[in-house]
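# Everything below, folded, please.
(one chain, ligands or ions: 1)
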Amino acid sequence: MAHYAVRESPPLRGEIPISTSKNAVLPIMCGALLTREDVRIDRLPQLSDVSTLSSLLLACGCRLRHEDGALIITADDFKNPQDEEDVRKMRASVLVLGPLLARLGQARIPLPGGCAIGQRPIDQHLKGMSALGAKVSYDHGGVTLSGRLRGATIYLDMPSVGATENLLMAATLASGTTRIENAAKEPEIVDLAAFLSSMGARIAGAGTSTIVIEGVKALHGTSWQPISDRVEAGTMACACAITGGELFLRGARSEHLRSLLFKLSEAGVHIHDTPGGLMIFGRARQPFEIRTMVYPGFPTDLQAPMMAVACKTPGTSVFLETIFENRFMHAAELARLGAHIRVENRVAVVEGTHDLTGASVTATDLRAGAALILAGLCAEGETLIDDSGGHIARGYENIEEKIRAVGGSIRKLS
Ligand code: UD1
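As a prediction, this is how the structure comes out:
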């Protein structure tokens, strides 16, 4: 798997096209299982998570075709995945549960284990499916759900993104009305609901904490362009803020990034919202405080890139991570570059202004990998990032080409 060699670079200048959102496209690919007809997904991002989910859909018997950068999925005749390894490779595979159950009346997946950033249980997904009438049984490390689904009111204990998506998909084909209360409000949920509505689903309230779904008998095919990737755009905005550059993020949508843009502007970075994307100028000069929260709060996925920015920003910045229990692993790696960070449970305190120097570091997860690239761009000499886990390519399309195109020195070594 990959290593990245990053060298201290001049301020990044130019334009970066923002790819289609990973977190929007994965549930939409699973949603294609809800119809026998063709579903076309335009501007498919080339990410290893997308390839992993494509392999899983093939293993379920779906037909997949690529055409002009789009993916066309046909799920006219499919089954549960036979090989549990296909599901185990990626956490987001749990999102096939709702569609499989709704179409086939039965679904089985291995229970996902913990991952680098936390335990990540799926109890809310299962609780919701059970409320919809599914029988849930556990055996040999897996969970099997069966039964015909009927509408119900579901209250989520926390507004889980994945559970909201899974239940939303399952409820589209359940008989009667489903209400999901304390639902997640992320833009990817709104996009999934709009995609399902374009297939004939009847959904109201996506983007608020109560989503109401009137079940229909069948859904039809559609053609969909998912939203742009707000986490990629946010990461590139951080790359600008750490190097003091001037970047145009083509396709980035300010309404999806308000919490980050407020923090960057408090830190002294200039932002111009234009119809085609976002202009970001200048360096972060003031320290900041970040508390990760569910949307529209500050996204946990941008906590690591912002921590890289804090390492180079004069003063004391404070981070409180409330979503995942173990999401500060990049702190120890940033410290190898000379950053001063103290972590106590869910709080990290960063003393900025210290000169960073290149070192060998490890990408412990996807966003941690991005944070190390950003720090490497302003660390003296060379930073060698070991990404044997293949994390960075899971979620950033051609990151090295995009950063090189705006003047950053980065090479991917296979
Ligand atoms: C999604 C995103 C991920 C992002 C996260 C939070 C995708 C593919 N991934 O992940 O990039 O970091 O939202 O914004 O869209 N939880 C439970 N029980 C459950 C479900 C979740 O306890 O049944 C907990 C999790 O352990 C975590 C928190 O709820 O602490 C948030 O998880 P969730 O919103 O479900 O995140 P994902 O959908 O896995």
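
# the domain parsing of the chain - what is it?
For the chain, the structural domains run 2-18+228-413, 22-216, going by automatic domain parsing.

# is the ligand contacted by the first one?
Yes: using Cβ under 6 Å from any ligand atom, a contact is recorded between domain 2-18+228-413 and the ligand, made by 299-301, 323-324. (Each C-beta comes from the backbone N, C-alpha and C, glycine too.)

# quick one: the helices in the stretch 51-200 of the chain?
84-88, 97-104, 123-131, 161-172, 187-198 (DSSP state H, counting those that start in this stretch).

# Over to the stretch 301-414 of the chain?
Counting by DSSP H, counting those that start in this stretch, the stretch 301-414 of the chain has these helices, from start to end: 303-311, 329-336, 366-376, 392-395, 399-405.

# where does the protein have low pLDDT?
Counting by pLDDT under 70, the ranges of the chain that qualify are 1, 113-119.

# remind me, longest helix of it?
Identified as the longest helix of the chain according to DSSP state H is helix 230-243.

# buried sites along the helix or strand that that one is followed by?
Taking DSSP states H and E as the definition, the helix or strand that follows helix 230-243 towards the C-terminus is strand 246-250. Buried residues in strand 246-250, counting neighbours by 16 or more other Cβ atoms under 10 Å, are found at 246-249.

# ok, back up a step: as JSON lines, the residues of domain 2-18+228-413 next to the ligand with neighbour count and distance to residue 239 would be great.
Shown next, in JSON lines, are these (neighbours: other Cβ atoms under 10 Å; distance: Cβ to Cβ, whole Å):
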{"residue": "299", "neighbour count": "23", "distance to residue 239": "16"}
{"residue": "300", "neighbour count": "20", "distance to residue 239": "19"}
{"residue": "301", "neighbour count": "23", "distance to residue 239": "15"}
{"residue": "323", "neighbour count": "19", "distance to residue 239": "23"}
{"residue": "324", "neighbour count": "19", "distance to residue 239": "23"}
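
# Between all of these, which two are separated the most?
Spatial extent of those (Cβ to Cβ) is set by the pair 299 and 324 at 11.4 Å.

# picking up where we left off before, from the contact counts, what lies against the longest helix of the chain?
Counting contacts by 3 or more Cβ pairs under 8 Å, 6 or more residues apart in numbering; DSSP states H and E, helix 230-243 is packed against helix 22-31, strand 246-250, helix 258-266, strand 277-281, helix 303-311, helix 366-376.

# Using PDB, write down the CA coordinates of that helix.
C-alpha atoms of helix 230-243 as PDB (Å, rounded to 0.1, in the frame of the first residue of the first chain):
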ATOM      1  CA  ARG A 230     -17.800  18.900   2.100                       C
ATOM      2  CA  VAL A 231     -15.100  17.100   4.000                       C
ATOM      3  CA  GLU A 232     -12.700  17.200   1.100                       C
ATOM      4  CA  ALA A 233     -13.600  20.900   0.600                       C
ATOM      5  CA  GLY A 234     -13.000  21.600   4.300                       C
ATOM      6  CA  THR A 235      -9.700  19.700   4.200                       C
ATOM      7  CA  MET A 236      -8.500  21.900   1.300                       C
ATOM      8  CA  ALA A 237      -9.700  25.000   3.100                       C
ATOM      9  CA  CYS A 238      -7.400  23.900   6.000                       C
ATOM     10  CA  ALA A 239      -4.600  23.300   3.500                       C
ATOM     11  CA  CYS A 240      -5.000  26.900   2.400                       C
ATOM     12  CA  ALA A 241      -5.100  28.200   6.000                       C
ATOM     13  CA  ILE A 242      -2.000  26.300   7.100                       C
ATOM     14  CA  THR A 243       0.100  27.500   4.100                       C
END
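
# How about the contacts made by the residue of the stretch 151-300 of the chain found nearest the ligand?
For the stretch 151-300 of the chain and the ligand, the shortest gap (Cβ to the nearest ligand atom) falls at residue 162, measuring 2.9 Å. Contacts here follow Cβ atoms under 8 Å, 6 or more residues apart in numbering; on that basis residue 162 touches 92, 94-95, 122, 125.
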